[in-house]
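[1] only geometry, no sequence info:
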């Protein structure tokens, strides 16, 4: 029997064979697109299936590959997304889709076998509006594997359920998301003024409308993170900036864990100023206590890097020790900058050197 939670609304449950629409925004994903599409179309679900791909202005051959894949499988529908922004592409894909359940997929991810079928069962069982699972980051190069370890660590990304949670239940947001179209039509689609964190903001509106957002740890999708340090830093600075913007807009609706990276940036600034004063006076006094937060953070990073979460050899551990502060400081700096000035037109430039590309 479906679950019912007092004070919450049940999302509609369409017939099992009503069909599923997968939607995928794409920009410069030539290296990942084929595998992402294959894992999506391999999903075994009752009823008809379509994959609507919103093509941004790629420069790496992604469009040609997408056309090749579409020519080989009539379940693939291609639409244009000249704006390149994620929420714009998602909304275009949703509007072009036909079926009552929407499954968001990214070209940088691969769905585990049985993902969609299990998600549909969970949606029906709890009558949720949106259900998501675990983002299981993975990597091919030593650097990318270090980033993946950071993603999968509670220290790396703050312990959100979809970064390694094990308990099923109501959630703040959902990674990717398997959503009921009727609820999206009611609350509105993705906010196109938000370039990062658009999924969190949509789920906030879903929850405020009284519907359930649900986490099911049995759902897994592989995510391939950035392949270089500069791209990682640019990505996290943009992500932090948009979280700062979301705090400006929604205040206490944001979890406290989002304030840890900007707190680190503030502590580092205080420590640096204190060190300058101490050098000028050539005496420390009791101001050494102002260095304790940064020292404690450095110790935490060292413990993670040297432990199991740091990888196997010294090379892995060194990359882990470099990646964690790179993520935290760039995210925190972006947050502080946007909290003061607003995110404005901040975009993620990590997809291409010299070009603004807002995909994650």
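    Happy to help now that I have it. In this text, all values refer to a predicted model and were calculated from it rather than measured experimentally.
[2] I'd like the next helix or strand past the longest strand along the chain.
    The residue-count maximum for a strand in the chain (DSSP state E) belongs to strand 213-223. Per DSSP states H and E, strand 213-223 leads on to helix 229-250 as the next helix or strand towards the C-terminus.
[3] contact partners of whichever helix or strand comes after that following helix?
    Counting by DSSP H and E, the next helix or strand C-terminal to helix 229-250 is helix 260-281. Helix 260-281 is contacted from outside by 158, 240, 244, 284, 287, 290-291, 293-294, 297, 328-329, 331-333, 335-336, 339, using C-beta atoms under 8 Å, 6 or more residues apart in numbering. Bear in mind the C-beta positions are built from the backbone N, C-alpha and C, glycine included.
[4] how about the helices in the stretch 51-200 of the chain?
    62-72, 86-96, 115-126, 142-152, 154-157, 181-187, 198-208 (DSSP state H, counting those that start in this stretch).
[5] and the third one, what other elements does it pack with?
    Contacting helix 115-126 under the criterion 3 or more C-beta pairs under 8 Å, 6 or more residues apart in numbering; DSSP states H and E are the following elements: strand 20-26, strand 101-104, strand 130-137, strand 178-180, strand 213-223.
[6] can you list those in CSV and add mean pLDDT and distance to residue 8?
    Output for the helices and strands packed on helix 115-126, formatted as CSV (pLDDT from 0 to 100; distance: least, C-beta to C-beta, whole Å):
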stretch, mean pLDDT, distance to residue 8
strand 20-26, 97, 24
strand 101-104, 98, 19
strand 130-137, 93, 13
strand 178-180, 97, 14
strand 213-223, 93, 10
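[7] okay, now the nearest residue to residue 265 once chain neighbours are set aside: neighbour count?
    Among residues not flanking residue 265 along the chain, residue 332 sits closest, at 3.8 Å (C-beta to C-beta, 6 or more residues apart in numbering). For residue 332, the neighbour count with other C-beta atoms under 10 Å is 27.
[8] Show me which residues of the helix or strand harbouring residue 332 are buried.
    Residue 332 belongs to helix 314-341 when assigned by DSSP H and E. Buried residues in helix 314-341, counting neighbours by 16 or more other C-beta atoms under 10 Å, are found at 316-317, 319-321, 323-324, 326-339.
[9] Now do that helix: distance to the chain's middle.
    How far helix 314-341 lies from its chain's middle: 16 Å, per C-alpha atoms, centre = their mean, to the nearest Å.
[10] Now do the residue nearest to residue 265 against residue 339, distance only.
    With distances taken as C-beta to C-beta, to the nearest Å, residue 332 is found 10 Å from residue 339.
[11] swap in residue 106?
    The value you get for residue 106 to residue 339, if C-beta to C-beta is used, is 27 Å.
[12] Which residues does the one helix or strand in the chain whose mean pLDDT sits lowest contact?
    Least confident helix or strand of the chain, by mean pLDDT, DSSP states H and E, is helix 154-157 with a mean of 85. Contact with helix 154-157 is made by 149-151, 163-164, 300-301, 304, 309, 324, 327, as judged by C-beta under 8 Å, 6+ apart.
[13] of these, buried ones?
    149-151, 163-164, 301, 304, 309, 324, 327.
[14] Just put those in CSV and tack on distance to residue 252 and pLDDT.
    Output for the buried ones among the contacts of helix 154-157, formatted as CSV (distance: C-beta to C-beta, whole Å; pLDDT from 0 to 100):
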residue, distance to residue 252, pLDDT
149, 32, 93
150, 28, 93
151, 27, 91
163, 22, 58
164, 25, 60
301, 29, 95
304, 30, 93
309, 31, 85
324, 28, 96
327, 25, 96
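[15] quick one: which of the residues you listed is nearest to residue 64?
    residue 151 (30.4 Å; C-beta to C-beta).
[16] give me every residue that touches the closest one.
    Contacts of residue 151 (C-beta under 8 Å, 6+ apart): 135, 137, 157, 163, 223, 225.
[17] cutoff 6 Å now
    Neighbouring residues of residue 151 by C-beta atoms under 6 Å, 6 or more residues apart in numbering: 137, 157.
[18] ditto for residue 203
    Neighbouring residues of residue 203 by C-beta under 6 Å, 6+ apart: 173, 213.
[19] And it, what's its pLDDT?
    Reported pLDDT at residue 203 in the predicted model: 95.
[20] Likewise for residue 115?
    96.
[21] Distance-wise, check it relative to residue 338.
    Taking C-beta to C-beta as the measure, residue 115 falls 33 Å from residue 338.
[22] Also residue 302?
    Distance from residue 302 to residue 338, by C-beta to C-beta: 30 Å.
[23] swap in residue 167?
    32 Å.
[24] Where does the prediction get shaky in the stretch 201-350 of the chain?
    282-285, 350 (pLDDT under 70).
[25] Let's check: the centremost residue of the chain is which one?
    residue 175 (6.3 Å; C-alpha atoms, centre = their mean).
[26] Residue 132 is in contact with that residue, correct?
    Yes: with contact defined as C-beta atoms under 6 Å, residue 175 counts as touching residue 132 (4.6 Å).
[27] which outside residues touch stretch 326-335?
    Contacts of stretch 326-335 (C-beta under 6 Å, 6+ apart): 150, 233, 236-237, 240-241, 243-244, 261-262, 264-265.
[28] dump the residue contacts of residue 168.
    Applying C-beta under 6 Å, 6+ apart, the residues near residue 168 are residue 216.
[29] what do you get if the cut-off is 8 Å, keeping everything else the same?
    Each residue near residue 168 by C-beta under 8 Å, 6+ apart is listed here: 214-218.
[30] What pLDDT does the model give it?
    So residue 168 comes in at 91 (pLDDT).
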